[in-house]
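1. Got a predicted model here, sequence first, then my questions.
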Amino acid sequence: MSVKPVLISGIQPTGRLHLGNYLGALKNFVELQNSGKYQCYFFIADLHALTENPAAEDLRKNIYSLAADFLAVGLDPKKSIIFQQSQIKFLQDLKWILSTLTPVSELLRMTAFKEKVLQALKPSEREKITKEKFDEIVEQTNFGLIEYPVLMAADILMYDGQLVPVGNDQLQHLEFARTLVRKFNRKFGQTFIEPKALMTSTPRLMSLDDPSKKMSKSRPTGCLFIDDESKTIEEKIKSAVTDSGSEVRYDEKEKPGISNLLVIMSGLSGQPITAIEKEFAGANYGKFKQSLANLVSDHFAIFRKKKAALLQKPAGIKKIIDAGSKKAAKVAAKKIIEIKEKLGLQKI
Ligand code: ADP
Ligand code: TRP
């Protein structure tokens, strides 16, 4: 039997999952898992979530909520290793090792990092920020936020991950992981595989309230959460920003709001956008939005029920995640020995 390529991805437990997380990542996790072509690992990136300094109670709740999302959406512990990042103790060793191969400048250049540290500024201030001011802000930033991509690379390389399903905001982090692999292998001999990103046809869904911005947990006002109740879904879609005119037509430049809604409909129904445009030719925005609200609500109806039921029994969730974490930890324990030997770090 040939060995299947390893596929791995994680999501931070930083709040409820939205349609961008679903169409850009989670939906794909389930399809890739069910294809049977990969050895799959999916994890709760709780250490990464710490970089936002959450209250312990919130983090605890979000970890359970994300675990329930994973299971309710169809990730299956019989088919995939589903685990909690913070339970893999050797991850810290690998992160440290990789950090010694990383120039600080590479980390400070990361777009996601810059966006995070500049988040508090107004867009106008952000655009004309001076080097001095940026450096001043960076000096106040927690080191975890700077190191974020090193930990992410460790997450992937620990299990010899080859394929990483993510949205396009993570591409730069993956490129960074690939650079680390080349550096390490050149210096210490073939040890890691260069991971590749796998994206869906919706790698960057935009916000409902401002289609020029990515739908993101850090801006909840523009999010449609996948566990939102039907009524909330309807209200949010009805008040989603649309464009002047009344034609339901895809045009990213002239009609970014309607185009984003078309992307959602296409992503959930599997219909091509052109077919949806045809279906709604002559209809107004109101009719299209109502139809989309029904689709979203129906699509997640079973998911909502399953998630609620899972959260009623947290002990069941814990059992599954504990078992997955043990499996992942075993793989990590083996890999770290190989890595340390390559470095000359074996026990004397
Ligand atoms: P957020 O940016 O909302 O905090 P995460 O960073 O936890 O979300 O992302 C989890 C996964 O969802 C990642 O693979 C990320 O690339 C993907 N993702 C996040 N936002 C979007 C979006 N708007 N469109 C497509 N994929 C997204
Ligand atoms: N940085 C990812 C995000 O914000 C989460 C993540 C952490 C991840 N480690 C990873 C994704 C490893 C893929 C592989 O979404």
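-> Done, it's in. Ligands and ions are numbered 1, 2, ... in the order given.
2. Skipping its backbone neighbours, what lies nearest the closest residue to ligand 1 within the stretch 51-200 of the chain in space?
-> The minimum distance from the stretch 51-200 of the chain to ligand 1, using C-beta to the nearest ligand atom, falls at residue 167 (2.5 Å). Where you see a C-beta, it was placed from the backbone N, CA and C, and this is true even at glycine. Excluding the flanking residues, the one nearest residue 167 by C-beta to C-beta, 6 or more residues apart in numbering is residue 24, at 3.4 Å.
3. quick check, the one you found in a helix?
-> Yes. Applying DSSP: H, G, I helix; E, B strand; the rest coil, one finds residue 24 inside a helix.
4. these two touch, right, it and residue 200?
-> Yes. Using C-beta atoms under 8 Å, residue 24 is in contact with residue 200, at 5.9 Å.
5. So between these two, which is more surrounded?
-> Neighbours were counted for residue 24 and for residue 200 using other C-beta atoms under 10 Å; residue 24 has more, 26 against 19.
6. which ones are touching the more buried one?
-> 166, 167, 168, 199, 200, 202, 203, 204, 205 (C-beta atoms under 8 Å, 6 or more residues apart in numbering).
7. repeat that with 7 Å
-> Counting by C-beta atoms under 7 Å, 6 or more residues apart in numbering, residue 24 makes contact with 167, 200, 202, 203, 204, 205.
8. and if you look at residue 288?
-> Counted by C-beta under 7 Å, 6+ apart, residue 288 has contacts 248, 280.
9. Please tell me how far the host helix or strand of it is from the chain's geometric centre.
-> Following DSSP states H and E, the helix or strand that holds residue 288 is helix 285-299. Its chain's C-alpha centre and that of helix 285-299 lie 25 Å apart, by C-alpha atoms, centre = their mean, to the nearest Å.
10. In that helix, which residues are buried?
-> Neighbour counts using 16 or more other C-beta atoms under 10 Å place 285, 288, 289, 291, 292, 293, 295, 296, 297, 299 of helix 285-299 among the buried residues.
11. Would you confirm that residue 176 contacts residue 152?
-> No. Using C-beta atoms under 7 Å as the test, residue 176 is too far from residue 152 to be in contact (8.1 Å).
12. Between these two, which has more neighbouring residues?
-> residue 152 (24 against 20).
13. By neighbour count, which of the contacts of residue 24 wins?
-> residue 205 (26 neighbours).
14. Leaving out the residues flanking it, which one is nearest to that residue?
-> Spatial nearest neighbour of residue 205, excluding adjacent residues (C-beta to C-beta, 6+ apart): residue 20 at 3.8 Å.
15. and the one you found, how many residues sit next to it?
-> Using other C-beta under 10 Å, residue 20 is surrounded by 26 other residues.
16. That one against residue 213, yeah?
-> No. Using C-beta under 7 Å, residue 20 is not in contact with residue 213; the gap is 10.7 Å.
17. rewinding a little: what's the average pLDDT for the helix holding residue 288?
-> The average pLDDT within helix 285-299 is 97.
18. Show the subsequent helix or strand relative to it.
-> In N-to-C order, the element after helix 285-299 by DSSP H and E is helix 301-312.
19. What residues sit buried inside that following helix?
-> Buried residues in helix 301-312, counted by 16+ other C-beta under 10 Å: 303, 304, 306, 307, 310, 311.
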